[in-house]
Structures are given as C-alpha cells and as structure tokens.
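# sequence isn't available, so here's the structure alone:
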C-alpha cells in the first residue's frame, strides 16, 4: 500500500475521481437554492442569456457573464449552473496537479498535499452554490500554473488571466504587486521585477478596458469594473457595525443612503460618496477600524459558515445543519490554524532573510503562497469578513498546513533549514 501511494501516478487520478464523485453526490442530494448575492448572480446570468443588460455596475459580473454564456447555449437552470461548477472544479484539480508537479516537492509530499486539497469539504459542498468563488479559484490556480511554468510570454498570459479574474473580483488587479515582491525577493533584480510586474498590470488593464469603457458609457462618467467597493467599505466601517460582517446600509447612523443627494446620484457618484464617508470614518476611528479588521479576519479564516450557503433551501433538516457546520468548520480550522501559524513564522524568517540580504535562499513557491495570503488578508481586513472569502486560499492553506506538520514530525526548524540551504549553495559556489 505504501509503495502504491508513493510511487504510482494513478493515485492522482483516483483522488480526482473520488473528489468528483463526492462533489456530484453532494450536488444531486443537496438541492441548494440561491439567495442574496448568489440569487443575483443567477438571475443576472439568466438575463444575459436572454439578451438583457449585463448589469448596472452595482457589482462585478464576470461569473454571471460566463454562466450566461453557458445558459445561452444549453438553456438556463440551476442544475446546469451546478454542472458548470463541477466542470470548473475538475479543471481546478487538474491545474493544481500541474502546479505541484512544477514546484520542488518530494513525490510523497505532492500526493499528501493534493489529497488534502481535493478532499477538503469546502471543495466538495461549494459545487452546489451559484457563486463566484469556484471560477475565481480556477483562474487563480491557472495563473499559478503558468507562473511556475517555463513558457514564453508567460507574463502576458498571466496579465490576461489577471484581467479576467479582476472582472470576477475587482481587487485582483493588485496581483501584479505580488509578482513584483516575489521576484524582487527571490531574484534580487529590481529592473526585471518592475518590468515583469508592469507587463502583468498593463495587459490586465488592456483586458478590462472594454468593460471599463462599457461601464463609463452606461453611467456617463469614468467607471471602474464595478461600483461595489463603496457600499462594501461603508457598511463594514462604521460605528454601528460590531461584527465585521455585512449590515444594511440604512442602519448606519445618519446614513448617506437616506439623503436626497444620494438617491438622485448615479451609481458611480453613489460609490464615491460611500467610499468618502467610509474613509472619513476610518481616519477618525483608527482603533475601532483595527478592531473591526481583526474581527473580519476571524470571520474569514476561523468561521466556515460557507457550508450554510450550500444547505440553504435544501431538504436537509434544521437539526442536521448545525452538525454539518460543526464538522466542516472543525476540519477547516484543523487545516487553517496550523497553516496560518506556519505563514506567520515563515514571515519572520523572510524578514530575517531580508535584513541579511539572503532572500534568494527562500523557497519560491512557499514565499509565493505567503505573499498571496497577505494579499487576500489585507483586502479582507479593510473590506468585509465572510467564511466564503477564504475559499480561493484553500490551496495555500493545505500546502502551509503540511509544511507545519513536517516541522513538527521531522523536528525541522526554519533556521536549520535556512543554514542547510546556505551551505548547499556555498558548496556549489566553491
């Protein structure tokens, strides 16, 4: 059995098949009904398929546009949306397999990390939710696959994919800065780092420019991919928000949304008004902002309530739902807590390498994951905290979790690993 797990490549196919079987069974057995944002994405996709407008700039619509295309070809329906999710999930598994085959890992480590990723409960139950996360994660891992591949024009391809993912989630344009940091630390070539990250940024901007033009023409003034940023900042950064989660905008004290000026404004003007009010509150309430930011991160990383979305409107009893939540949340925390501890420790090691000017000794893929973690964390610290927002980070978490366990089991410590790498490089140089 040990030889089979460690040596036979068919192992990956079996794990993918197992993950897909579990995902299909969940989707067929649990008849999830969309609500709130998920209902909006679904209804917009149906409208797009029927030739109606592609949204009013309220939120990013990349997922709905693609789903609308699927509906245009095959007809609209919840089951078809869920089948689309299953196909994306299969693609994500294959892409992640490609990623871990391209980074420096022992085969045993690859198989354990891959198994953890595929069988993570979130990757199974999320297939029944009509949401953006599966598509966003698929593109993110595709970007990662390309980044760690030795191909020509890879930064151009990455820029295109970053642009597409920015239409799914508007903050993702900042990925170019992650490329800059990673290459600056590993390669220590500032000109090359700037050039490659700028290629990603410029190509991304070109990719999203048709949508910006469409929104600008629709509203009548320069408009970004969506106008959702202002309302998100506003409802999550105010004195009435105590949990770091969504709340109705009209429940904010002296709410802007109740004013005549706001009601008569267009979508872009409303977005600017809400953003300005939120920034003013943050500036005048720095301590409260930090407290809310930390609460948001707790919601994202330690409260896996996204499973509740997958049981909404289904035949699962109210008595069973808390049990499902408890089991999946505990599994999630078993992975996430050690992973985050590992990331924090590795961050300290990275800072030490920066001060010693020895960042070239760091593991590139590990550093990539750490930088991505901070990219997402900074966004969620400022904006909103929901368990589903951590979904795209599952591949990061399982990798860092496994590294943490290795440290415990094999008694490795970061400084020893660093010194060993340093001596190996010194020996090669002599």
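Looks like it arrived, so ask away. Nothing here was measured: the structure is a model prediction, and the numbers come from that model. Residues are numbered from 1 along each chain as shown.
# going by C-alpha atoms from here, please, whenever you check contacts or count neighbours.
Will do.
# which helix runs longest in the protein?
helix 320-356 (DSSP state H).
# neighbouring contacts of whatever helix or strand comes next after that one?
Per DSSP states H and E, the first helix or strand lying C-terminal to helix 320-356 is helix 364-382. Outside of helix 364-382, the residues within contact range by C-alpha atoms under 8 Å, 6 or more residues apart in numbering are 103, 171, 174-175, 178, 181-182, 186, 233, 292-294, 296-297, 300, 343, 346-347, 393, 396, 400.
# can I have the buried ones of those as a PyMOL selection?
Buried members of the contacts of helix 364-382, defined by 16 or more other C-alpha atoms under 10 Å, are picked up in PyMOL with:
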select buried, resi 103+174+175+178+181+182+186+233+292+293+294+296+297+300+343+346+393+396+400
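# the contacts of helix 364-382 in helices, which ones?
Reading helices off the contacts of helix 364-382 with DSSP H, I get 175, 178, 181-182, 186, 233, 292-294, 296-297, 300, 343, 346-347, 396, 400.
# just give the number of residues close to residue 345.
Counted with other C-alpha atoms under 10 Å, residues neighbouring residue 345 total 13.
# could you report the neighbour count for residue 388?
Going by other C-alpha under 10 Å, the residues that sit close to residue 388 add up to 22.
# OK, contacts around it?
Contacts of residue 388 by C-alpha under 8 Å, 6+ apart are 133, 300, 304, 305, 306.
# what separation do you get for the second one and residue 377?
Residue 300 sits 9 Å away from residue 377, taking C-alpha to C-alpha, to the nearest Å as the criterion.
# repeat that for the first one.
In this view, residue 133 and residue 377 are 16 Å apart by C-alpha to C-alpha.
# how about residue 126?
21 Å.
# now for residue 53: which residues touch it?
Applying C-alpha under 8 Å, 6+ apart, the residues contacting residue 53 are residue 47.
# quick one: which of residue 126 and residue 377 has more around it?
Using other C-alpha under 10 Å as the criterion, residue 126 and residue 377 rank with residue 126 on top: 27 against 20.
# residue 147 is in contact with residue 154, isn't it?
Yes: at 6.7 Å, residue 147 counts as touching residue 154 under the criterion of C-alpha atoms under 8 Å.
# do you know the pLDDT at the closest residue in space to residue 385 that isn't next to it in sequence?
Take residue 385 and drop its neighbours on the chain: the residue closest to it by C-alpha to C-alpha, 6 or more residues apart in numbering is residue 296, 4.0 Å away. We have a pLDDT of 97 for residue 296.
# these two touch, right, residue 296 and residue 384?
Yes: the criterion here is C-alpha under 8 Å, and residue 296 meets it with residue 384 at 6.0 Å.
# what do the two both touch?
Contact criterion C-alpha under 8 Å, 6+ apart; residues shared by residue 296 and residue 384: 244, 245.
# tell me which residues touch the residue nearest to residue 33 when sequence neighbours are not counted, please.
Leaving aside its chain neighbours, residue 33 sits nearest to residue 313 (5.1 Å; criterion: C-alpha to C-alpha, 6+ apart). Listed by C-alpha under 8 Å, 6+ apart, the contact set of residue 313 reads 31, 32, 33, 34.
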